[in-house]
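Enquirer: Build me a structure from this.
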Amino acid sequence: MIGVEDWAEIRRLHRAEGMSIKGIARHLGIARNTVRRAVASDDPPRYRRAPKGSIVDAVEPAIRELLAQYPRMPATVIAERIGWERSLSVLKRRVRELRPVYLPADPVSRTAYRPGELAQCDLWFPPADIPLGFGQTGRP
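Expert: Model prediction:
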């Protein structure tokens, strides 16, 4: 895999200098297919690690079943029911993430809006005459 500096140099040689793909590959000592990929990509290369997952992923369906029946069941009881023998902190964290989905809505809670979700536009009608041009005025 090439680095960001190599990617930038390949694109500079191809675009600014007008060098061919074969010439760039020979000049930098890299494969032509690598040069083709660098010329075709708009974003610089970056390292992407595959998500590893969690030990709780295997038992999440069982946790969801229990929370669907009893949304307020403590995480320690869930651990006993599913036969959890590992660290409770990992399980508690997942239960904390999943529990709000299964809890009923609180009827007395206030309505909350996320930023940008709601907007208010007020109209202003000034009590003065507004010049409209060419000697004309008007009121809203």
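
Enquirer: what's the following helix or strand after the longest helix along the chain?
Expert: Criterion DSSP state H: the longest helix present in the chain is helix 88-102. The helix or strand immediately downstream of helix 88-102 is strand 130-133, counting by DSSP states H and E.

Enquirer: still on that earlier bit, packing partners of the longest helix of the chain?
Expert: Helices and strands touching helix 88-102, by 3 or more Cβ pairs under 8 Å, 6 or more residues apart in numbering; DSSP states H and E, are helix 60-69, helix 75-82. Where C-beta positions appear, they are placed from N, C-alpha and C, glycine not excepted.

Enquirer: could you give the angle of it to helix 75-82?
Expert: 100 degrees (axes from the mean of the first three to the mean of the last three Cα atoms, to 10 degrees).

Enquirer: which residues sit against helix 88-102?
Expert: 54-56, 60, 63-64, 67-68, 71, 75-76, 78-79, 84 (Cβ atoms under 8 Å, 6 or more residues apart in numbering).

Enquirer: Ok, stretch 68-82 next?
Expert: Contacts for stretch 68-82 (Cβ under 8 Å, 6+ apart): 59, 62-63, 66-67, 84, 88, 91-92, 95-96, 99, 102-104.

Enquirer: at 7 Å instead, please
Expert: Outside stretch 68-82, the residues within contact range by Cβ atoms under 7 Å, 6 or more residues apart in numbering are 59, 62-63, 66-67, 88, 91-92, 95, 99, 102-103.
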